[in-house]
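Colleague: Sequence and computational prediction follow.
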Amino acid sequence: MKADESARVFIGMGSNLGNSPETLLAAWEILGQDSKIHLVALSSPYVSAPVDMHSQHWFTNAVGELRTALGPEELLAKLMEVEATLGRVRDEQAFGYQDRTIDLDLLYYGEEQCDDPELVLPHPHLHDRLFVLSPLLEIAPDFYDIRRGKTVRELKERLEIRMAEGAVRKQEISPSNWPG
């Protein structure tokens, strides 16, 4: 990709420790300070029960759309840098998901598909996570998931049907508002 070109990118944001809404907004602001990143849209925050982990702390989640001239690996490194700046500590010895002050996931990088150990695009679990699909639907309902052959709207509808049928555990989620 040339430096003057930019990819349409979606970032999943989550936090379940500390002042989660403020932390997510701080992450968004830090990303916007990079000259190679242009912030496009930020969804409303959503409060959700933990999925695939045991915790008494609920999450605040959002999805942001941006444009960037950074490559996927460079952007992933930038996301991890922002996480560290905001106090994310990764316990490499721990098993499974852990409570966290901030989690930034690269959901989509344009139409890129990648299956490297360090980066899988589109994100491999987004179609099973209401806390990703609900905010993503808010800002990009017709975005087409090239790997799954469906729009975001269709992915969310499909997940809701699977939850209603009992094929997937129900996920508790509700929309919220940003502070201020």
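Modeller: Structure's in. What do you need?
Colleague: Let me know how buried Gln33 is, in neighbour terms.
Modeller: When counting by other CB atoms under 10 Å, one arrives at 9 neighbours for Gln33. Yep, even glycine has a C-beta here, placed from its N, CA and C like the rest.
Colleague: Read off the pLDDT value for it.
Modeller: Note on Gln33: pLDDT of 96.
Colleague: gap between it and Leu39?
Modeller: 10 Å (CB to CB, to the nearest Å).
Colleague: same check, this time on Asp99
Modeller: In terms of CB to CB, Asp99 sits 27 Å off from Leu39.
Colleague: Report the contact partners of the closest residue to Leu86 other than its chain neighbours.
Modeller: Spatially, and ignoring its direct neighbours in sequence, Leu86 is nearest to Ile102 (4.6 Å; CB to CB, 6 or more residues apart in numbering). By CB atoms under 8 Å, 6 or more residues apart in numbering, the contact list for Ile102 reads 13-15, 23-24, 27, 82-83, 86-88.
Colleague: can I assume Ala7 is in contact with Glu112?
Modeller: Yes. Using CB atoms under 8 Å, Ala7 is in contact with Glu112, at 7.5 Å.
Colleague: thinking in terms of the whole chain, how far from its middle is the helix or strand harbouring His38?
Modeller: Assigned by DSSP states H and E, His38 belongs to strand 37-42. Centroid displacement of strand 37-42 relative to its chain, using CA atoms, centre = their mean, to the nearest Å, is 14 Å.
Colleague: Please save the CA atoms from that strand in CSV.
Modeller: Output of strand 37-42 as CSV, limited to C-alpha atoms (Å, rounded to 0.1, in the frame of the first residue of the first chain):
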residue,chain,number,x,y,z
ILE,A,37,-4.4,7.4,11.4
HIS,A,38,-7.6,9.3,10.6
LEU,A,39,-10.5,8.6,13.0
VAL,A,40,-13.8,8.2,11.1
ALA,A,41,-16.5,7.0,13.5
LEU,A,42,-16.8,5.6,17.1
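Colleague: Regarding His54, what is its secondary structure?
Modeller: coil (DSSP: H, G, I helix; E, B strand; the rest coil).
Colleague: Around it, count how many other residues there are.
Modeller: Counted with other CB under 10 Å, His54 comes out at 8.
Colleague: tell me the pLDDT at it?
Modeller: pLDDT, His54: 79.
Colleague: Same question for Ser6.
Modeller: 82.
Colleague: Not counting sequence-adjacent ones, nearest residue to it?
Modeller: Ser6's closest residue in space is Arg67 (CB to CB, 6+ apart), at 3.9 Å.
Colleague: neighbour count winner among Asp99 and Leu39?
Modeller: Leu39 (17 against 14).
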